[in-house]
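Trainee: Have a look at this fold, sequence not included:
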Ligand code: ROI
């Protein structure tokens, strides 16, 4: 266990009832020992980035405070993905039942085979930045990339649809 840190987790799914996948994943993350939920964005629908021959994605972002070190948190998220029937090692950028990514972990910067922080896709993905902006301050510093406000300015809100449904 380490000192509590803020972390932001990206959730995505485009198979097997994605809205339901994200609701169940939220519960599973909240139930982890050493993890407390601080916020959860709306759900967003967007066409697939990458190969187009797959269903639209549902995405959301979750804020937590955690005492788990980054790689331990990552392992816990992988276990949740597996419990949801995620099979790793499928087609690169192919469809998935559940994807849980650590987007940010405090001000940590790291690059290892298992984990890169901040998440390398964060800066240009509207389906990550706009939900993040719902639950994080615009002054949030993305280490090495500037503030959330600056990233939003460079990333048009394009192709994402905010779902108006109760996902509590
Ligand atoms: N595209 C969208 N819209 N949302 C995702 O979460 C997502 N995840 C992926 C790839 C295949 C890159 N495309 C995506 O892993």
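Mentor: Good, I have the coordinates. Treat the numbers as computed from the prediction; the structure is a model and nothing was measured.
Trainee: on contacts alone, who are the packing partners of the strand or helix carrying residue 132?
Mentor: Here residue 132 is covered by helix 126-135, with elements defined by DSSP states H and E. Judged by 3 or more CB pairs under 8 Å, 6 or more residues apart in numbering; DSSP states H and E, helix 126-135 is in contact with strand 5-13, strand 35-40, strand 44-46, strand 57-66, helix 148-153. Heads up, the C-betas are built off the backbone N, CA and C, glycines and all.
Trainee: contact partners of the helix or strand just after it?
Mentor: Using DSSP H and E, the helix or strand that follows helix 126-135 in sequence is strand 141-142. By CB atoms under 8 Å, 6 or more residues apart in numbering, the surrounding residues in contact with strand 141-142 are 104, 107, 118, 122, 123, 147, 148, 151.
Trainee: wait, isn't residue 66 in contact with residue 76?
Mentor: No. The pair residue 66 / residue 76 is not scored as a contact, 9.4 Å apart, by CB atoms under 8 Å.
Trainee: Please say which of the two ends up with more neighbours.
Mentor: In this view residue 66 and residue 76 are compared by other CB atoms under 10 Å, and residue 66 has more residues nearby, 26 against 19.
Trainee: Could you pull up the contacting residues of that one?
Mentor: 4, 5, 7, 34, 35, 36, 73.
Trainee: and of those residues, the nearest to residue 155?
Mentor: Nearest to residue 155 out of those is residue 7 (CB to CB; 21.1 Å).
Trainee: Now for the residue nearest to the closest one when sequence neighbours are not counted, how many residues are close by?
Mentor: Spatial nearest neighbour of residue 7, chain neighbours left out: residue 105 (4.6 Å); criterion: CB to CB, 6 or more residues apart in numbering. As a burial measure, residue 105 scores 26 neighbours (other CB under 10 Å).
Trainee: what helix or strand is residue 101 on?
Mentor: Using DSSP H and E, residue 101 sits within strand 99-105.
Trainee: For residue 96, report the pLDDT, please.
Mentor: Note on residue 96: pLDDT of 89.
Trainee: Brilliant, that's me finished.
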